[in-house]
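Chemist: Make a model of this:
(one chain, ligands or ions: 1)
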Amino acid sequence: MKRRHFIKNASLTGVGIAVGSTLTNCVEATSEEAKAESVAMGDNSEATLPLVIATWHVEAATAKAMEVLQAGGNALDAVEQGCRVEEANEKGQSVGKGGLPDRDGNVTLDACIMDKHGNCGSVVYLQNITHAVSVARKVMEDTPHVMLAGEGAKQFALSQGFEAEDLLTDASKEAWEKWKVEAKYKPIINIENHDTIGMLAIDKNGDISGACTTSGLAYKMGGRVGDSPIIGSGLFVDNEIGAAVATGLGEEVVKTVGSFLVVELMRQGKSPQAACEEAIGRIVNKPNSNYKDFQVGYIAVNKKGETGSYSIHQWFSMTKYQDGKNEQIQSDYFNKS
Ligand code: ASP
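Modeler: Prediction:
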């Protein structure tokens, strides 16, 4: 199901971080998967590892990541493989192939990845390559750099064997052509047109990695880059503390270095939920904040395997795969007026 479609048709009334198991579309685990390893983590809390969480409603992606983790794969492989599922999904118009283009009709991708050592790689304004997250991983592992942009990123990807393809599908082209009729030259900001896939995983060893991939804001200005490929804004992982990833209006996330902030708040002792809430607070409590016009959402996990999610507006959700359950969890949110 398209995430936008889900958002428009959602008829949930109870909103809270623990209502996921009542939602439809939960994927039952196999008995093998249900044998997840249980790890006592102290503080009377017990997390069952491995676990994976992702922004929005992406059960196929979290299922893929869990498959990797259950097979003994590490968290880094899991988040890369999970994100690739959505990048290849042409029906998802916010990530990889089929992503909505900028105002000139060019699909430009941003992605990043970060491992348990704090290593990271990122690509910005990448064109014609579906699996931006894998290019980001190559940047991390096979170059002395953290970030490659535009044509340089594309040429690097081609040199690594990635294939060039046209990412503008008929459906996205049609949507862009409709948008061009009025072509309002400012980003359309609402709670439905930004669906970055951010994914965080803890493997059986208790190590954390994260990744983030997006086609960015629909009909953005040519050359615009959001938060998603910016380490600390769209994603941050600290294997001693936890990890966080963002979705929504990237400009607002960048201004508050959102994901780093969430992790630092967890370092100070906040739960993932409380940390996500405070990071949203930093945005909405700014003097003259126009938060009513845009959405931002965070998800986070700490080293204990506790998770949290929070957004400005209703209908943000997190997909969580843990304890044999792959479920969508509706996020609590700030703007209840
Ligand atoms: N955060 C992304 C950006 O600003 C958009 C999204 O979450 O869909 O590019």
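Chemist: where's stretch 324-337 relative to the chain centroid, distance-wise?
Modeler: Average the C-alpha atoms of stretch 324-337, do the same for its chain, and the two points are 15 Å apart (Cα atoms, centre = their mean, to the nearest Å).
Chemist: how long is it from one end to the other?
Modeler: Using Cα to Cα, to the nearest Å, the span of stretch 324-337 from its first residue to its last is 36 Å.
Chemist: Is that stretch in proximity to the ligand?
Modeler: No. Under the criterion of Cβ under 6 Å from any ligand atom, the ligand is not reached by stretch 324-337; the shortest gap measures 13.7 Å. Any C-beta I mention is one placed from the backbone N, CA and C, and that applies to glycine too.
Chemist: Would you indicate which residues of that stretch are buried?
Modeler: Neighbour-count burial for stretch 324-337, counted by 16 or more other Cβ atoms under 10 Å, picks out G324, N326, E327, Q328, I329, Q330, S331, D332, Y333, F334.
Chemist: List just the nearest of those to the ligand.
Modeler: Minimum distance to the ligand across the buried residues of stretch 324-337 is 13.7 Å, recorded for S331 (Cβ to the nearest ligand atom).
Chemist: dump the residue contacts of the closest one.
Modeler: Contacts for S331 were tallied using Cβ atoms under 8 Å, 6 or more residues apart in numbering; they are V15, I17, G297, I299, S309, Y310, S311, F316, S317, M318.
Chemist: Okay, and which of the buried residues of stretch 324-337 map to strands?
Modeler: Of the positions in the buried residues of stretch 324-337, N326, E327, Q328, I329, Q330, D332, Y333 sit in strands, assigned by DSSP state E.
Chemist: returning to what we had before: next step: the contacts of S331 restricted to strands.
Modeler: Going by DSSP E, the strands hold G297, I299, S309, Y310, S311, S317, M318 from the contacts of S331.
Chemist: would you turn the residues you listed into CSV with distance to R103 and neighbour count?
Modeler: Formatted as CSV, the ones in strands among the contacts of S331 follow (distance: Cβ to Cβ, whole Å; neighbours: other Cβ atoms under 10 Å):
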residue, distance to R103, neighbour count
G297, 24, 29
I299, 29, 33
S309, 31, 27
Y310, 31, 27
S311, 26, 28
S317, 28, 28
M318, 30, 32
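Chemist: and of these, the nearest to the ligand?
Modeler: G297 (8.0 Å).
Chemist: between the buried residues of stretch 324-337, which is nearest G82?
Modeler: Sorting the buried residues of stretch 324-337 by distance to G82 puts N326 at the head of the list, at 11.3 Å, by Cβ to Cβ.
Chemist: contacting residues for A164?
Modeler: Going by Cβ under 8 Å, 6+ apart, A164 touches N128, I129, K154, L158.
Chemist: Q273 belongs to a strand, doesn't it?
Modeler: No. Counting by DSSP: H, G, I helix; E, B strand; the rest coil, Q273 falls outside a strand, being helix.
Chemist: mind checking the backbone torsions on whichever residue of the stretch 1-150 of the chain sits closest to the ligand?
Modeler: Among the residues of the stretch 1-150 of the chain, S94 lies nearest to the ligand; the distance is 5.3 Å by Cβ to the nearest ligand atom. Summarising the backbone geometry of S94 under the convention degrees, to the nearest 10, its torsions are phi -130, psi 0.
Chemist: Please apply the same query to A153.
Modeler: Main-chain dihedrals, A153, degrees, to the nearest 10: phi -70, psi -40.
Chemist: okay, now it: neighbour count?
Modeler: For A153, the number of neighbouring residues by other Cβ atoms under 10 Å comes to 27.
Chemist: Over to D166?
Modeler: Other residues lying near D166 total 10 when counted by other Cβ under 10 Å.
Chemist: ok, now A63?
Modeler: The local packing count at A63 equals 18, with neighbours defined by other Cβ under 10 Å.
Chemist: quick revisit: let me know the closest of the buried residues of stretch 324-337 to I197.
Modeler: Nearest to I197 among the buried residues of stretch 324-337, counting by Cβ to Cβ, is Q328 at 13.7 Å.
Chemist: State the distance from that closest one to W176.
Modeler: 29 Å (Cβ to Cβ, to the nearest Å).
Chemist: ok, now Q322?
Modeler: According to Cβ to Cβ, Q322 stands 38 Å off from W176.
Chemist: Could you do Y333 as well?
Modeler: Computed as Cβ to Cβ, the Y333 to W176 distance reads 30 Å.
Chemist: re earlier: from the ones in strands among the buried residues of stretch 324-337, which single one is nearest T247?
Modeler: Distances from T247 to these, taken as Cβ to Cβ, are shortest for Y333 (13.0 Å).
Chemist: Show the contacting residues for D166.
Modeler: N128.
Chemist: Repeat the analysis, applying 10 Å as the threshold.
Modeler: For D166, the set of contacting residues under the criterion of Cβ atoms under 10 Å, 6 or more residues apart in numbering consists of K97, V107, Q127, N128, K173.
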